[in-house]
Every structure is written in structure tokens, then in C-alpha cells.
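Engineer: mind folding the following:
(one chain, ligands or ions: 2)
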Amino acid sequence: MEENQQEKVLYSAVQPSGNLTIGNYIGAIRNWVNMQREFTCFYAIADMHAITVRQEPALLRRRTLELAALYIACGIDPEQCTLYVQSNVSAHAELAWVLNTVTYVGEMERMTQYKDKAARHAENVNMGLMDYPVLMAADILLYQANLVPVGVDQRQHLEITRDIAIRFNNRYGETFRVPEAYILKEGAKITSLQDPLRKMSKSDENPNASVYLADDRDSIMRKFKRAVTDSDNRIVASDEKPGVTNLLNIYAAFKGCTVAEAEREFEGKGYGDFKLAVGETVADALAPVQAEQKRLLADKGYLAGILKCGAESAAYAARKTLSKVYRKVGFYRGE
Ligand code: ATP
Ligand code: LTN
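Structural biologist: Ligands and ions are numbered 1, 2, ... in the order given. Predicted coordinates:
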């Protein structure tokens, strides 16, 4: 039986592990906003995932609140969806433990993000870093999510989530809905302004590589001006022109047009004008988001209320799945 859209569950999260980039916005948060009316949405701040790499405790706490304010400033409506902090709902850790027992060490060792992060943080290859995908599977499966909107870098994590769900269902009987990744083609991978073959990342050491949602107009303009392109002056999207393609993707996302429309708009123009226009469009779009985030952060009581309410409704939904899991695996639940 096909459920109607409103009953479909959407789940996603971002880690409060640094300043968000326009990549996070275009690849993830922007799409969440468009979907909140159609689906039952759960949006989390994945602080438990964040501590798999070293975090400064006071900074983590501050970033968690900043991210909550940013979600709302970007258009996430806490009245329409459940917005909460992952560590406020203990069911995530509890389900992750059970799922660990149907996950193999070998498959975790093969995960691309784990290998990358283990190489980048060689001094701290902790169990949590390896277990990251299992916690992510727990996040998603707890809410019986149908769809998970993420950037393309998370595809592998979604595949393992599906494998874990199917394996558990086979072993213990139908328990979890098997979710699907929802990856929009345009903007699924915004790349570094300095190395357009690499993903734009909030943890890049080169500050010119990423445009942060918190950047002021001057920094935004400067970063786009310095963005790596190529030497022929044609503004078209193609595999041979990754730098120009990336800028077109960014422009189209913030302007709300297609890449083809953007190409037409810049036909015959030079890179200088093009970069200026991209910078201005991004700065204009971010200014109201930044102002709203600042306004929200000035009212900590309001944010605390939203997150408390979100955690309560998330915990209620999560507990239903967790009870079912505990029953299925044979944990004693009293009379
Ligand atoms: P880090 O650099 O710390 O690993 P990140 O910038 O990759 O972090 P995450 O918190 O891992 O950010 O990702 C949050 C969401 O943003 C995910 O859905 C991810 O797919 C998406 N995302 C991250 N970077 C990009 C990008 N460059 N282009 C499109 N989507 C992205
Ligand atoms: N690993 C994700 C963040 C994340 C997530 C999730 C995304 C944690 N739990 C559940 C979707 C669903 C990332 O974007 N790096």
C-alpha cells in the first residue's frame, strides 16, 4: 500500500563540527526547507557524530546552538518539523549498540569517509570514528525514514544503512523501513574554490577554498574573485571546466535558476564579470540569513524551548522503534 506524501518520513542531520559552507547549504539544508511541507521531517544536529574527531567542548556547545539558529534562519520551521539535538535523545546511542551487532568490522574499515578521516586524524583513530556509519544508521532507522536528503558524499553511508536495515529485518523479522538517499543532481557536490576537483568542506585548512555561511560580503567577493577557473574565457558547464562549472552551480542554486539559464545569462561575458556576479548573488542571499541567525541567537530562551520540544517529540517517535527492536532481539522487558 502506497502511503501518501505527508506520512512519508524524511530524516537528515548536519554535524556542528565547524562553520557551515555554502556546500552544506546547497547540498543539504536548502533542500530540507523545500520538503518540510510535503513530508514529516526530522532534522537533527549531529553532535554525537561531531565528537568522533576532537572538539573543544565549549565551542561544540556554542556551535550546536548556532546551527539550530542557522537551520531556522535558512527557513526550517520548527512548527512544521522536529528540530532537535542528537545527544538529547538517548535512543540514538541505544539503537547504535544493537546495530553494532549486525555490522561487520570489515565493512566499516572499507568506508571511504572513515579511511579519509583516519588518514587526516592519524593521532586519533578512535572506535567512534569507525562506528560513525552505524550511529548514522541508528539515526535514520529510529524514525522509520523513507527519504534522507544529503549531498553525494553521504551516498555510501546510506547504502550501509540500507544493508544494516535489511540484515536486521532478515534476522529478527520486519522491523525497519529501508530508507533511500535523496540526492538532487544539481548542487549535490559543490567543490573547493581553490581545487575544483575536491569537495568544498567546512574543515578545509585553506580559508579561500570554502565560502562560509557566516562570511561577510568582502570575504565572499574576495574568495570568488580568487576562485580557480581556467584560461579559455567561456562560461559553460562541462567536465573539462570544473572550476567554471562549480561557479555556475553555485550561481544557479542561489539565484534559483537552472545551470542552462545561468550559462545563457553569461554568454559572451568574461570571467571577471562572472565572478563578480556570483559573489554578489551569494552575498545578497546570505545577508538576510545572517541577520536572522544573529537575531535568533540573541534569544537563547526561545532556542532552548524549540530544542526541548523537538527532543521530546523525537524521543517519543524513537522510543517506539527502540521498544520494538528490544523486543525482537529478546531483551527482557518485564511482565
Ligand atoms: P567535514 O568537512 O567536517 O567532514 P562537511 O562539510 O562534509 O564536514 P557534513 O556535516 O559532513 O559537512 O555534511 C552535512 C551535509 O552537507 C551532508 O548532507 C553533506 O552531504 C552535505 N555537504 C557537505 N559538503 C558538501 C558539498 N561540498 N556539496 C554538497 N553537499 C555537501
Ligand atoms: N554524516 C552526516 C551527518 C549525519 C546524517 C545523519 C545525515 C549524521 N546523521 C542522518 C543524514 C542522516 C554528514 O552529513 N556528514
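
Engineer: three-state assignment of Asp230?
Structural biologist: coil (DSSP: H, G, I helix; E, B strand; the rest coil).

Engineer: how about Cys41?
Structural biologist: Of the three states, Cys41 takes strand according to three-state DSSP.

Engineer: ok, now Ala181?
Structural biologist: Under three-state DSSP, the three-state class of Ala181 is strand.

Engineer: against Val14, how distant is it?
Structural biologist: Computed as Cβ to Cβ, to the nearest Å, the Ala181 to Val14 distance reads 15 Å. For glycine as for every other residue, the C-beta is placed from the backbone atoms N, C-alpha and C.

Engineer: now swap in Val211 and tell me
Structural biologist: With Cβ to Cβ as the criterion, Val211 and Val14 are 16 Å apart.

Engineer: how about the residues of the stretch 101-250 of the chain by ligand 1?
Structural biologist: Contact residues (Cβ under 6 Å from any ligand atom) of the stretch 101-250 of the chain with ligand 1: 150-151, 153-154, 188-190, 199-203.

Engineer: do that again at 8 Å, thanks
Structural biologist: Within the stretch 101-250 of the chain, the positions near ligand 1 by Cβ under 8 Å from any ligand atom are 113, 117, 149-154, 187-191, 199-204.

Engineer: related to what we said a few turns ago, more neighbours: which of Ala181 and Val14?
Structural biologist: Just comparing Ala181 and Val14: by other Cβ atoms under 10 Å the higher neighbour count belongs to Val14, 23 against 19.

Engineer: Glu312: how many residues sit nearby?
Structural biologist: When neighbours are counted by other Cβ under 10 Å, Glu312 registers 13.

Engineer: likewise Gly256?
Structural biologist: 9.

Engineer: what sits against it?
Structural biologist: By Cβ atoms under 8 Å, 6 or more residues apart in numbering, no residues touch Gly256.

Engineer: who are the contact partners of Ala118?
Structural biologist: 125, 129-130.

Engineer: one more time with 7 Å, if that's ok
Structural biologist: Residues counted as contacts of Ala118 (Cβ atoms under 7 Å, 6 or more residues apart in numbering) are 125, 129.

Engineer: what does the model give it for pLDDT?
Structural biologist: Ala118 carries a pLDDT value of 94.

Engineer: apart from its chain neighbours, what residue comes closest to Ala44?
Structural biologist: Once flanking residues are discounted, Ala44 sits nearest to Ala13: 3.9 Å by Cβ to Cβ, 6 or more residues apart in numbering.

Engineer: for Ile51, same thing?
Structural biologist: Nearest one to Ile51, counting by Cβ to Cβ, 6+ apart, is Gly128 at 6.8 Å.

Engineer: helix or strand for that neighbour, which one?
Structural biologist: helix 127-142 (DSSP states H and E).

Engineer: is ligand 2 within reach of the following helix or strand past that helix?
Structural biologist: Later in the chain than helix 127-142, the nearest helix or strand by DSSP H and E is strand 147-149. Yes. For strand 147-149, a contact with ligand 2 is found by Cβ under 8 Å from any ligand atom, at 148-149.

Engineer: what's the following helix or strand after strand 147-149?
Structural biologist: helix 155-172.

Engineer: now that following helix, how far from the centre of its chain.
Structural biologist: Remark: helix 155-172 is offset 20 Å from the chain centroid, using Cα atoms, centre = their mean, to the nearest Å.

Engineer: is Thr103 in contact with Tyr132, as I believe?
Structural biologist: No. Thr103 is beyond contact range of Tyr132, at 11.4 Å (criterion: Cβ atoms under 7 Å).

Engineer: for ligand 1, what's the nearest residue on the stretch 101-250 of the chain?
Structural biologist: In the stretch 101-250 of the chain, no residue comes nearer to ligand 1 than Gly151, which is 2.4 Å away by Cβ to the nearest ligand atom.

Engineer: and if you look at the chain?
Structural biologist: Counting by Cβ to the nearest ligand atom, the chain gets nearest to ligand 1 through Gly27 (1.9 Å).

Engineer: what sits against the closest residue to that residue other than its chain neighbours?
Structural biologist: The spatial neighbour of Gly27 that comes closest, neighbours along the chain excluded (Cβ to Cβ, 6+ apart), is Gly151 at 3.2 Å. Neighbour list for Gly151: 27-28, 188-189 [criterion: Cβ under 7 Å, 6+ apart].
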